[in-house]
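Visitor: Predicted structure and sequence below. I'll ask about it afterward.
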Amino acid sequence: MLGGDIEQQTATEDRYRALLDVSSAAAKQPTVEALLHSLRSLLSRVSAFHGAGLYLLSDDAKTLRLVAIDRPADGPRIPPEVEVGRAGVIARVLDEQRPAHLPDLAQEMLKFPQLAPYASGMGTRSGYLFPVSTFRKQYGLVAFGRMDSGEFSPEELELMNSVATHIAVALESALATDRAEHYQRELAKERDCLRLLLEINNAVVSHLDVDEVFRSASALIRDYFGSELTAIWLIDRQSDQIQRVLLDFPSGKVFLDEPVSKQMTEEDHERLRRRQCDLLSAAELEKLPSPIAEELKAESIKLMAIAPLVTASGPLGVVTMGSRRPDAFGQQQLELFSQIAMQISLAIDNALAYGRLNASNVHLEEQRLYLESEIRSEYSFEDIVGKSAALRKVLDQVSIVAPTGSTVLLHGETGTGKELIARALHNLSPRRDRTFVRLNCAAIPSGLVESELFGHEKGAFTGALMQKRGRFEVADHGTLFLDEIGDISMDLQPKLLRALQEQEFERLGSTKTIHVDVRLIAATHRDLAAMIEERQFREDLFYRLNVFPIEIPPLRERREDIPLLIHYFVSRLARRMQKRIKSIPKQSMELLVKADWPGNVRELENFIERCVILTQGDELHVPRTELKRSSSRTSAASGASTFEEAERQVIIDALKSAAGKIAGTSGAAERLGLKRTTLQNKMRRLNISRADYMQ
């Protein structure tokens, strides 16, 4: 008896020791599967234990999945993840939460289609199913195998039941650890996402330039996603094309620097409207239009993420991210990329709005500077003064053509007031509230006239340090007055003709076509018809300018206006010089009216200014000797049979007095109050040769 008690006590101690070892193993083993593998060595000395398998309930508790197995060397190769239905003895163990003995494991396995193929490898083994549960939850069951067909003793059952409980606790702890680690990973991922969004937000809100916005964002995107390239494509609403405007590809070797574009399709528009994000595989990338597909293939880009750039005002384009790894991005990365695209959309929208506002401010500033320069410049006079029939005829023509918007060609001698008539045309037109822009083509070197008319880009030529708008752009929806149009070079005339006909042009150094709505008024003192015959002026340009010609009469043909002009100039100049001039001597007025005034109103104004300067009292002082010399020249010329002969004689006399010198100080042009080019043009028209004045 004593020997039996000792053996029983020893067996009991062995079971407790084994249970303690199981408990210790449950605490030390990193996984439940490792715990199962350790059970065989821990329990084999106290029971006929021979392998184990852990089955976990699905979320709906209708099936069980094999998640861990301790397979003996001679046992069947049941693969992990196999699933069985909740039926038969399995359902009874789970429902009653009591263990069940399986006398023949092979026969039980045949009852489950998923396990039936492996039944033949079981031999004559028996086994037990124990529920794996805690007071919180049922997790499934654990299957213990025996090396024979026998049953566990009550003591062994109690031990194995305790082992199942330890497995349940270990499983609950492992699942809790997995959940905690999963939550920690998710929190870390969410933290990293939020940090990325914050960094991108800080980067984009600190810049108002589209390039700087993109460079800041693309560097952060590359670091976070491990992508190779990032690009921004914007929609050109006029051409309905989407164009790559910015590219960040540090490791790229083939990508072209020039912009690449693609015609938008209805499907593309629909994707942007739905704010659809896409992942394109290598096969899908090959279907893209050339040269986009060729570039991507040459750089071995295998995956492309595309996110739309959309704001409340509508779609702007897309931002793309590419990688040489075909599995670089998943759905989660695409969702984060979509959020980044929203931030970039707002930043680009703000940058574009800032660019438009800045361009508008620059345009307004240019107009302000131009108008200020116009105000500071000296006009021949501030209003049209006169009531002669010749002047009324001109004003009648102005009132007729002004509202039409047609091109007007003003012809008249220098100093007749062509610019003033041009301003009257503008002020009486529907464009009166927009800008009146003038350009004297003879006052600018011929090489710079094109830049003045059409503008230039930064770096277009030496000295082009910044972008400049031309007069055509400044005059958009307004009026452009080109004075001395006859002095435009033959090289520039075709470009001017195109700008007038098509209302479009390109800045120097740019390929972008600019569309404008400009009314042109041109003026010249030269005989354009004669210039056409001499191949100095294009005939087609002349016809484009000569839509409505207006001939402005010289001052000698409207002498009744001279007294009005004299009183007007005296009043204005005396007020400016703070002099009180009350009267003009009758004889002086008669001499002023009879004078020839070859320089017309401009010459008259300058002469009256000299008179006001010389006046000391309240009566205008007129240097009559100068007027008499002018009158004598006029009288000598009046002996000629025609006006042309008189004009020819006056020019010859001036050339003789200047010893044949045409331009410069004391030259004939200065004596006559004419420009050099005007005098030379008149000499050609009147057939005046060197022999006529150098005898």
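Guide: Nice, I can see it.

Visitor: Which stretches in the stretch 101-250 of the chain count as helices?
Guide: 105-109, 154-205, 210-225 (DSSP state H, counting those that start in this stretch).

Visitor: Show me which residues of the first one are buried.
Guide: Of the residues in helix 105-109, those with enough neighbours to count as buried (16 or more other C-beta atoms under 10 Å) are Leu105, Ala106, Glu108, Met109. Every C-beta, even on glycine, is put in place using the N, C-alpha and C of the backbone.

Visitor: As CSV, the helices of the stretch 101-250 of the chain with mean pLDDT would be great.
Guide: Formatted as CSV, the helices of the stretch 101-250 of the chain follow (pLDDT from 0 to 100):
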stretch, mean pLDDT
helix 105-109, 81
helix 154-205, 74
helix 210-225, 77
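
Visitor: I'd like the ones you listed laid out as TSV, including distance to Ser313.
Guide: TSV is the format used below for the helices of the stretch 101-250 of the chain (distance: least, C-beta to C-beta, whole Å):
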stretch	distance to Ser313
helix 105-109	67
helix 154-205	17
helix 210-225	16
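
Visitor: and Thr677, which of those helices is closest to it?
Guide: helix 210-225 (48.3 Å; C-beta to C-beta).

Visitor: dump the residue contacts of His101.
Guide: Counting by C-beta atoms under 8 Å, 6 or more residues apart in numbering, His101 touches Ser126, Gly127, Tyr128, Glu151, Phe152.

Visitor: Recalculate using a threshold of 7 Å.
Guide: Tyr128, Glu151 (C-beta atoms under 7 Å, 6 or more residues apart in numbering).

Visitor: what does the one 4 residues further on give?
Guide: Going by C-beta under 7 Å, 6+ apart, Leu105 touches Met122, Arg125, Ser126, Gly127, Gly145.

Visitor: hmm, which of those residues are the buried ones?
Guide: Met122, Arg125, Ser126, Gly127, Gly145.

Visitor: Among those residues, which ones are in strands?
Guide: Gly127, Gly145 (DSSP state E).

Visitor: Same list, the contacts of Leu105, but as CSV with pLDDT and distance to Val84 please.
Guide: Shown next, in CSV, are these (pLDDT from 0 to 100; distance: C-beta to C-beta, whole Å):
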residue, pLDDT, distance to Val84
Met122, 73, 15
Arg125, 75, 18
Ser126, 80, 19
Gly127, 82, 14
Gly145, 76, 16
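
Visitor: As CSV, those residues with distance to Gly417 would be great.
Guide: Converted to CSV, the contacts of Leu105 look like this (distance: C-beta to C-beta, whole Å):
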residue, distance to Gly417
Met122, 119
Arg125, 122
Ser126, 124
Gly127, 119
Gly145, 118
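
Visitor: wait, which of those is closest to Glu284?
Guide: Taking the contacts of Leu105 together and measuring to Glu284 by C-beta to C-beta, the closest member is Met122, at 50.1 Å.

Visitor: Nearest residue to the closest one in space, please, no chain neighbours.
Guide: Ala106 (4.0 Å; C-beta to C-beta, 6 or more residues apart in numbering).

Visitor: Distance-wise, check that neighbour relative to Tyr118.
Guide: 9 Å (C-beta to C-beta, to the nearest Å).

Visitor: Could you do Thr462 as well?
Guide: Distance, Thr462 to Tyr118, by C-beta to C-beta: 88 Å.

Visitor: Between those two, which has more neighbouring residues?
Guide: Tyr118 (18 against 6; other C-beta atoms under 10 Å).

Visitor: how about the residue lying closest to that one once chain neighbours are set aside, what does it touch?
Guide: Excluding the flanking residues, the one nearest Tyr118 by C-beta to C-beta, 6+ apart is Pro76, at 4.0 Å. By C-beta under 7 Å, 6+ apart, Pro76 lies in contact with Tyr118, Gly121, Met122.

Visitor: Okay, and Ser510 sits in which element?
Guide: Using DSSP states H and E, Ser510 falls within no helix or strand.

Visitor: That one - how many residues pack around it?
Guide: Neighbours of Ser510 (other C-beta under 10 Å): 16.

Visitor: tell me the contacts of it?
Guide: Glu457.

Visitor: tell me the pLDDT at His363?
Guide: On pLDDT, His363 comes in at 68.

Visitor: domain assignment for this structure?
Guide: 2-178, 210-354, 379-551, 583-693 (automatic domain parsing).

Visitor: Distance of the most centrally placed residue in the chain relative to Asp211?
Guide: Geometric centre of the chain, nearest residue: Leu352, 5.8 Å, by C-alpha atoms, centre = their mean. According to C-beta to C-beta, Leu352 stands 12 Å off from Asp211.

Visitor: for the closest residue to Val67 other than its chain neighbours, helix, strand, or coil?
Guide: With C-beta to C-beta, 6+ apart as the criterion, Val67 has its nearest non-adjacent residue at 5.2 Å, and that residue is Leu56. Classification of Leu56 using DSSP: H, G, I helix; E, B strand; the rest coil returns strand.

Visitor: Leu56: what's it in contact with?
Guide: Here Leu56 is in contact with Leu64, Arg65, Val67, Tyr139, Gly140 (criterion: C-beta under 7 Å, 6+ apart).

Visitor: try Leu497
Guide: Arg538, Asp540, Leu541, Arg544.

Visitor: and the last one, how many neighbours?
Guide: The number of residues packed near Arg544 is 17, by other C-beta under 10 Å.

Visitor: That one should be in a helix, yeah?
Guide: Yes: when three-state DSSP is applied, Arg544 is found to be in a helix.

Visitor: The residue nearest to it when sequence neighbours are not counted and Ser218: what is the separation?
Guide: Using C-beta to C-beta, 6+ apart and skipping the chain neighbours, the partner closest in space to Arg544 is Leu500 (5.4 Å). Per C-beta to C-beta, Leu500 is found 45 Å from Ser218.

Visitor: now swap in Leu520 and tell me
Guide: Distance from Leu520 to Ser218, by C-beta to C-beta: 47 Å.

Visitor: What of Leu102?
Guide: Taking C-beta to C-beta as the measure, Leu102 falls 63 Å from Ser218.

Visitor: between the two, who's got more neighbours?
Guide: Neighbours were counted for Leu102 and for Ser218 using other C-beta under 10 Å; Ser218 has more, 25 against 20.

Visitor: which residues touch that one?
Guide: Shown in contact with Ser218 (C-beta under 7 Å, 6+ apart): Thr230, Asp248.

Visitor: for Ile608, same thing?
Guide: Taking C-beta under 7 Å, 6+ apart, one finds Ile566, Phe569, Val570, Leu573 in contact with Ile608.

Visitor: In ChimeraX, select just the buried ones from those.
Guide: In ChimeraX syntax, the buried subset of the contacts of Ile608 is picked out as below (16+ other C-beta under 10 Å):
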select :566,569,570,573
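
Visitor: will you turn the contacts of Ile608 into JSON lines that also has distance to Asn427 and pLDDT?
Guide: Formatted as JSON lines, the contacts of Ile608 follow (distance: C-beta to C-beta, whole Å; pLDDT from 0 to 100):
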{"residue": "Ile566", "distance to Asn427": "25", "pLDDT": "89"}
{"residue": "Phe569", "distance to Asn427": "22", "pLDDT": "88"}
{"residue": "Val570", "distance to Asn427": "26", "pLDDT": "89"}
{"residue": "Leu573", "distance to Asn427": "24", "pLDDT": "89"}
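
Visitor: Which members of the contacts of Ile608 are the farthest-apart pair?
Guide: Between any two of the contacts of Ile608, the greatest separation by C-beta to C-beta is 10.6 Å, found for Ile566 and Leu573.

Visitor: still on that earlier bit, pLDDT at the residue nearest to Val67, what is it?
Guide: 84.

Visitor: What's opposite it in the beta bridge?
Guide: Arg65, Gly140 (DSSP bridges).
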